[in-house]
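*Asks:* Turn this into a model:
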Amino acid sequence: MTQRLYNFNGGGSDPAIHPNLLPELKQTCPPNGDVNVRLPIDQGSEHKFDIQILQDIRAGFDVLQSDARLYDDEATRNVVDSYFGFLSPIFGPSFELDFVKSMVKMGRIDVKTGSQGMIRRACGAFN
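*Replies:* Reported below is the predicted structural model:
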């Protein structure tokens, strides 16, 4: 998070962060601050699983860089937008149902165990 806030692409903050969200993120995550501080990834319904995360992504209030990139690419932007069409609540896709289906599919990915697998010491780097 600190790279996105203070050293994005060599300096400064990620320009994709909404200017109204940036001060809150910087206050919660100061340089050299506690790396164990937790941030809600969506604004307004952080204790509930709902479509708010996609609304935040569309509005630029995305905490995670990976979420922000979803709206940069036309193909993934179209997927995000498909949940907000005029008739989407009735006839369109259901974010919650689609998320459950995707988690089930991911659960089928072959998990490596024992000496075949490796637990990363740092999520963003290979051991």
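*Asks:* in this structure, which helix has the most residues?
*Replies:* helix 95-107 (DSSP state H).
*Asks:* quick one: average confidence on that one?
*Replies:* Confidence over helix 95-107 (mean pLDDT, whole number) is 89.
*Asks:* Give the buried residues for that helix.
*Replies:* residue 95 (16 or more other CB atoms under 10 Å). (C-beta placed from N, C-alpha, C; glycine too.)
*Asks:* tell me, what residue is most central in the protein?
*Replies:* Closest to where the C-alpha atoms of the chain average out (CA atoms, centre = their mean) is residue 67, at 3.4 Å.
*Asks:* Buried ones in the host helix or strand of it, by neighbour count?
*Replies:* According to DSSP states H and E, residue 67 maps onto helix 65-70. Neighbour counts over helix 65-70 (16+ other CB under 10 Å) mark 67-68, 70 as buried.
*Asks:* returning to what we had before: any idea whether the residue nearest to the residue nearest to the centre of the chain when sequence neighbours are not counted is helix, strand or coil?
*Replies:* Closest residue to residue 67 apart from its sequence neighbours, by CB to CB, 6 or more residues apart in numbering: residue 57 at 5.3 Å. Following DSSP: H, G, I helix; E, B strand; the rest coil, we place residue 57 in the helix state.
*Asks:* Now stretch 33-43: average pLDDT?
*Replies:* If you average the pLDDT over stretch 33-43, you get 83.
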